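A.B. asks: Sequence below, structure please.
(2 chains)
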Protein chains: 2
Amino acid sequence: MSNEPVPGYNLGDESIPSAPISMEEFDRLKQTVMFTEEDEEQLRKASEILGPQVEEVVDVWYDFVADHDFLLHYYSTPDGEPIDDYLYRVRKRFEQWIRDTCNTPYDEDWLNYQFEIGRRHREKKNETDDVDAVQVIDLRYVIGFIYPITATVRDFLDDGEHSADEVDAMYHAWFKAVVLQVMLWSYPYVKDDDW
Amino acid sequence: MSNEPVPGYNLGDESIPSAPISMEEFDRLKQTVMFTEEDEEQLRKASEILGPQVEEVVDVWYDFVADHDFLLHYYSTPDGEPIDDYLYRVRKRFEQWIRDTCNTPYDEDWLNYQFEIGRRHREKKNETDDVDAVQVIDLRYVIGFIYPITATVRDFLDDGEHSADEVDAMYHAWFKAVVLQVMLWSYPYVKDDDW
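C.D. replies: Below you'll find the predicted structure:
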């Protein structure tokens, strides 16, 4: 199932521009969220638990969005009509994003793609899916999503086969990875190079 | 001790401009991080535990900053000299910020002050303390700090007198409150009103 192509998800594609930062700067960002090789290991462990559950995880996130008009707004036309096909395509990318957050080396391709994801929240939003949705996911909501995206994952990680300490280690690796990505996704929003 | 004046910390002062958002929009931001009245209650509980430990909490954060040149940079002159007096004054505000995150009503004064804190990370940085430090705390590091500022607090909350579930409830309220504030602090950084 995870081998089906995901609409518009093209990590590693040669059309993706290079990241505007060096791997050294990327390393500083990792240090800021205390992200180490141990966390990469924990995420690979997490991928075995989350992988088979990605649809259920995204269900929880989509239910949360659907419960709040001001969040559903970003998946809707400027007139306020939710766009089903867009919601479906983003959902499939969200699922792949969970897999890639857990089980992809954080190498240059991965880094380049984070900046692509950032652009798709702003100047390239709608382009991938050729839809007429609102133009930008406002930055405050991109940042705000750190909480639900992180907190809701802990229950999925707690599969009854790992101790609380083991679940915590995976959960913290996930938390760090989410914050790290939001740091990168904020890039196209800043003025005056204050990123 | 908490009654000593904190240098440059003036929540509630009439010189603080009004927030650029309504209380209705503020409520939407709270909903995005799942912040409820129950969390305000948990934070008041947390304040009893963290209040007497604020110096130790900030010690941990400062040790983390001091261990990373690229973070200490923001408390240094453009030539790279850390500014002791500035570090001291910011430290005292950090301590007060912990108290106010836990034990201040999230009312209009509080909201107004979050935008002031945002400005002090950017166009008003250095002004409060009249120092010649680097001009801006780059947004990626403001966002990145969500992780250490959140994760390190859990151990302080775990005072041996509360169950793991009780500590978790306080920890999650803290986590939400930190993300909520970073959402607000990002305001002065965005271009094209894409906040």
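A.B. asks: Tell me where the longest helix sits in chain A.
C.D. replies: For chain A, the longest helix by residue count, based on DSSP state H, is helix A:164-185.
A.B. asks: tell me how far that helix is from the chain's mean position?
C.D. replies: Here helix A:164-185 is found 12 Å from its chain centre; the criterion is C-alpha atoms, centre = their mean, to the nearest Å.
A.B. asks: in it, what's buried?
C.D. replies: A:167-185 (16 or more other C-beta atoms under 10 Å in any protein chain shown). C-beta here means a position set from N, CA and C on the backbone, and glycine is covered the same way.
A.B. asks: And stretch A:126-143, by the same measure?
C.D. replies: The neighbour-count check on stretch A:126-143 (16+ other C-beta under 10 Å) flags A:126, A:128-129, A:131, A:133-134, A:136-143 as buried.
A.B. asks: Just these: which are in helices?
C.D. replies: Counting by DSSP H, the buried residues of stretch A:126-143 place A:139, A:140, A:141, A:142, A:143 in helices.
A.B. asks: Of those, which are in range of chain B?
C.D. replies: Near chain B, judged by C-beta under 8 Å from any C-beta of the partner chain, the entries from those are A:139, A:140, A:141, A:143.
A.B. asks: Can you add pLDDT and give these back as CSV?
C.D. replies: Listed next are those as CSV, based on pLDDT from 0 to 100:
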residue, pLDDT
A:139, 98
A:140, 98
A:141, 98
A:143, 98
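A.B. asks: where does chain A dip in pLDDT?
C.D. replies: A:1-3 (pLDDT under 70).
A.B. asks: those helices in it, which residues are they?
C.D. replies: A:23-32, A:37-50, A:54-66, A:69-72, A:84-103, A:108-121, A:139-144, A:146-151, A:153-157, A:164-185.
A.B. asks: Check those for me and report the most buried one.
C.D. replies: Each of the helices of chain A was scored by mean neighbour count; the highest is helix A:139-144, a mean of 25, by mean count of other C-beta atoms under 10 Å in any protein chain shown.
A.B. asks: what helices or strands is that one leaning on?
C.D. replies: Where contact means 3 or more C-beta pairs under 8 Å, 6 or more residues apart in numbering or on different chains; DSSP states H and E, helix A:139-144 is packed against helix A:164-185, helix B:23-32, helix B:164-185.
A.B. asks: rerun that using 6 Å as the cut-off
C.D. replies: With contacts taken as 3 or more C-beta pairs under 6 Å, 6 or more residues apart in numbering or on different chains; DSSP states H and E, helix A:139-144 sits against helix B:164-185.
A.B. asks: tilt between the helix it packs on and helix B:84-103?
C.D. replies: On the basis of axes from the mean of the first three to the mean of the last three C-alpha atoms, to 10 degrees, helix B:164-185 is oriented at 120 degrees to helix B:84-103.
A.B. asks: does chain A sit close to helix B:164-185?
C.D. replies: Yes - applying C-beta under 6 Å from any C-beta of the partner chain, one finds helix B:164-185 in contact with chain A at B:176, B:179, B:182, B:183.
A.B. asks: list the helices and strands that helix packs on?
C.D. replies: Judged by 3+ C-beta pairs under 6 Å, 6+ apart, helix B:164-185 is in contact with helix A:139-144, helix A:146-151, helix B:37-50, helix B:108-120, helix B:146-151, helix B:153-157.
A.B. asks: what residues does it touch?
C.D. replies: If you take C-beta atoms under 6 Å, 6 or more residues apart in numbering or on different chains as the criterion, helix B:164-185 is touched by A:140, A:143-144, A:146-147, B:29, B:33, B:35, B:39, B:42-43, B:45-46, B:101, B:114, B:117-118, B:121, B:142, B:146, B:149-150, B:153-154, B:157-158.
A.B. asks: again, only using 7 Å
C.D. replies: The contact list for helix B:164-185, computed with C-beta atoms under 7 Å, 6 or more residues apart in numbering or on different chains, reads A:140, A:143-144, A:146-147, A:151, B:29-30, B:33-35, B:39, B:42-43, B:45-46, B:101, B:114-115, B:117-118, B:121, B:142-143, B:146, B:149-150, B:153-154, B:157-158.
A.B. asks: How about stretch A:97-113?
C.D. replies: Contacts with stretch A:97-113, where a contact means C-beta under 7 Å, 6+ apart, come from A:2, A:11-12, A:16-19, A:23, A:26, A:40, A:43-44, A:46-47, A:50-51, A:54, A:57, A:177.
A.B. asks: Show me which residues of chain A sit near chain B.
C.D. replies: Contact residues (C-beta under 7 Å from any C-beta of the partner chain) of chain A with chain B: A:28-29, A:31-34, A:68, A:70-71, A:122, A:136, A:138-141, A:143-144, A:146-148, A:151, A:172, A:175-176, A:179, A:182-183, A:186, A:189-191, A:194-195.
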